[in-house]
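Asker: need a structure here:
(chains A, B, C and D)
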There are 2 protein chains.
Amino acid sequence: MTKTAPNFEEILREGGYKATPGRVLLLKTLFGEEKPVTVSYLEKKLKSAIDKVTLYRALDSMVVSGVVREVDFRHGHAHYELQILRKHHHHIVCTNCALVEDVDCNTEPFVKQVEKKSKKFDLISDHSTEFFGLCKNCTKV
Amino acid sequence: MTKTAPNFEEILREGGYKATPGRVLLLKTLFGEEKPVTVSYLEKKLKSAIDKVTLYRALDSMVVSGVVREVDFRHGHAHYELQILRKHHHHIVCTNCALVEDVDCNTEPFVKQVEKKSKKFDLISDHSTEFFGLCKNCTKV
DNA sequence: ATTACAAACGCAATTGTGTTGCATTTACAA
DNA sequence: TTGTAAATGCAACACAATTGCGTTTGTAAT
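Answerer: Numbers count the residues shown, from 1 in each chain, chains lettered A, B, ... in the order given. Sure thing, here's the model as predicted:
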């Protein structure tokens, strides 16, 4: 499962960011993760390379521009994943063991319908959908 | 717009909780709110009646049993609303002014489909869906 | 190459959010 | 009335996230 690493310097510059070593490394790290990760995980993994504050600031600004996506697994803190280079998708989270499975997003028709029905909004630009349940392994018990 | 207050004592007992004054007051307060509120809002509003810790513990346990619902508006902290006595629904949140509009939940077919397709989960017990966009007022600007 | 400057950075301190431990009180069923 | 588990309040703690500010650095224009 080897993917060719994209040119993150270029991606950053195109997004209006400076291609600093820290940000490049952050994107590389996120690219290598299978599932959304927490800030504290990144903090430990990148400790010698990026200061905590820089990490928060980088994540925040990249969430705004859509390079990175923030998801809520109901764990009391945010998880982050790379948004670019992959299809919009959602997650199923096990409420017992925190296992995460990706789910293709097929809600576009529903989103359009919501947009039409809404009285206070003309345009829905984004949505979050997370599913929760017990995974097969945790159901056994 | 006067609603008859439900019997929260009874609701609590049915849910397996003790009907303590604090919890009754908490449910009454949530019942009176139009939109999901933050813990710090509740903390201020109920300061003299419930300690912060009790508030957190009450909310947590009632989220587990489904009396109260926790939602994520991407504001960096949880919002809570009463789940019982109303239909399952979702929200559209303005990314500029934080205006919230309720949306009926019509995703059940989609949920079933996700459940069927999933390799690692047999049963999806719950889901969160929040929509984001600019409200009509903020679009003008 | 050099320079100029906004963007990004690191550190320290601080705020905010949520939790733990423990002794005390209370709702409620027996 | 009483026994008991549930719930409470307080203090202290742990973790998550932010602010202020002086310094460094990537990049575009010279």
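
Asker: care to break chain A down by domain?
Answerer: Domains of chain A are assigned by automatic domain parsing as A:1-85, A:87-141.

Asker: Are the longest one and DNA strand C in contact anywhere?
Answerer: Right, domain A:1-85. Yes: Domain A:1-85 comes into contact with DNA strand C (CB under 7 Å from any atom of the strand), by way of A:16-18, A:20, A:22-23, A:49-51, A:53-54, A:57-58, A:61, A:76. Using the backbone N, CA and C atoms, a C-beta is placed for each residue, glycine as well.

Asker: Highest neighbour count among these?
Answerer: Using other CB atoms under 10 Å in any protein chain shown as the neighbour criterion, A:Arg23 leads the residues of domain A:1-85 next to DNA strand C with 25 neighbours.

Asker: Do a quick rundown of the strands in chain A.
Answerer: A:37-38, A:68-71, A:79-82, A:89-94, A:100-104, A:121-135 (DSSP state E).

Asker: Can you mark which positions in stretch A:56-67 are buried?
Answerer: In terms of neighbour count (16 or more other CB atoms under 10 Å in any protein chain shown), stretch A:56-67 has its buried residues at A:58-59, A:62-63, A:67.

Asker: Helices along chain A, start to end?
Answerer: A:8-14, A:21-32, A:39-45, A:52-65, A:108-117, A:136-140 (DSSP state H).

Asker: any idea which of these is most buried?
Answerer: For the helices of chain A, the largest average neighbour count (mean count of other CB atoms under 10 Å in any protein chain shown) is found in helix A:21-32, namely a mean of 18.

Asker: now for that one, which elements pack on it?
Answerer: Counting contacts by 3 or more CB pairs under 8 Å, 6 or more residues apart in numbering or on different chains; DSSP states H and E, helix A:21-32 is packed against helix A:8-14, helix A:39-45, helix A:52-65, strand A:79-82.

Asker: CA atoms only for the last one, dumped as CSV, please.
Answerer: Okay, so that is strand A:79-82. Provided in CSV are the C-alpha atoms of strand A:79-82 (Å, rounded to 0.1, in the frame of the first residue of the first chain):
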residue,chain,number,x,y,z
HIS,A,79,-9.9,14.8,15.1
TYR,A,80,-8.3,15.9,11.8
GLU,A,81,-7.7,14.3,8.5
LEU,A,82,-6.5,15.4,5.1
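
Asker: Say whether chain B is contacted by that strand.
Answerer: No: on the criterion CB under 8 Å from any CB of the partner chain, strand A:79-82 is out of touch with chain B, staying 11.4 Å away.

Asker: Name the nearest residue to the most centrally placed residue in chain A, ignoring sequence neighbours.
Answerer: Nearest to the geometric centre of chain A sits A:Glu81, at 2.8 Å (CA atoms, centre = their mean). Nearest in space to A:Glu81, with sequence neighbours left out and distances taken as CB to CB, 6 or more residues apart in numbering or on different chains, is A:Pro36 at 4.0 Å.

Asker: And the pLDDT at the one you found?
Answerer: The per-residue pLDDT reported for A:Pro36 equals 96.

Asker: and what of A:Arg13?
Answerer: 96.

Asker: Quick one: residues contacting the residue nearest to A:Cys97 when sequence neighbours are not counted.
Answerer: The shortest distance from A:Cys97 to any non-neighbouring residue, by CB to CB, 6+ apart, is to A:Cys138 (5.4 Å). Residues near A:Cys138 by CB atoms under 8 Å, 6 or more residues apart in numbering or on different chains: A:94, A:96-97, A:99.

Asker: Next, the residue in chain A that DNA strand D sits nearest to: phi, psi?
Answerer: Nearest residue of chain A to DNA strand D: A:Ala19, at 3.4 Å (CB to the nearest atom of the strand). Backbone torsions of A:Ala19, given as degrees, to the nearest 10, read phi -90, psi 70.

Asker: now do A:Gly76
Answerer: phi 90, psi 0.

Asker: So for it, what pLDDT did the model give?
Answerer: 83.

Asker: that older thread, tell me the one of the buried residues of stretch A:56-67 nearest B:Asn7?
Answerer: Among the buried residues of stretch A:56-67, A:Val63 lies closest to B:Asn7 (CB to CB), at 43.7 Å.
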